[in-house]
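**Student:** after the sequence you'll find the predicted model.
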Amino acid sequence: MELEKIKEIMAETVDFDVETITEATRFDSMGLDSLDIVELLMKVDQEFGTETEPNAALATVGDLIAHIKAGKAE
């Protein structure tokens, strides 16, 4: 569920073929700059009710999904 929603958000936010995105996809492999990542995280936070700061621990889409799930568990 989270992966599909993240793909929808990314389709609106970045210029990347979202159909190729998996949990293993690295943000740096998509050519996102720091502003793109901040914008993406803001939209993800709004959608999922989380608070996410850009950091090196969020390197992949799977890392972001784990962060979202952890935020929901709290």
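**Tutor:** Yep, it's here. Numbering: from 1, shown residues only.
**Student:** quick check: mean pLDDT of stretch 9-28?
**Tutor:** For stretch 9-28, the mean pLDDT works out to 89.
**Student:** T25: how many residues sit nearby?
**Tutor:** Using other C-beta atoms under 10 Å, T25 has 20 other residues around it. For every residue, glycine as well, the C-beta is placed using N, CA and C.
**Student:** report the mean confidence score over the longest helix seen in the chain.
**Tutor:** In the chain, taking DSSP state H as the definition, the longest helix is helix 34-48. Averaging pLDDT along helix 34-48 gives 92.
**Student:** go through it and flag the buried ones.
**Tutor:** D36, I37, E39, L40, L41, K43, V44, F48 (16 or more other C-beta atoms under 10 Å).
**Student:** show me the two of the residues you listed that sit farthest apart.
**Tutor:** D36 and F48 (18.4 Å; C-beta to C-beta).
**Student:** skip the chain neighbours and tell me the closest residue to T52.
**Tutor:** L41 (4.6 Å; C-beta to C-beta, 6 or more residues apart in numbering).
**Student:** pretty sure that neighbour is touching F48, no?
**Tutor:** No: using C-beta atoms under 8 Å as the test, L41 is too far from F48 to be in contact (10.5 Å).
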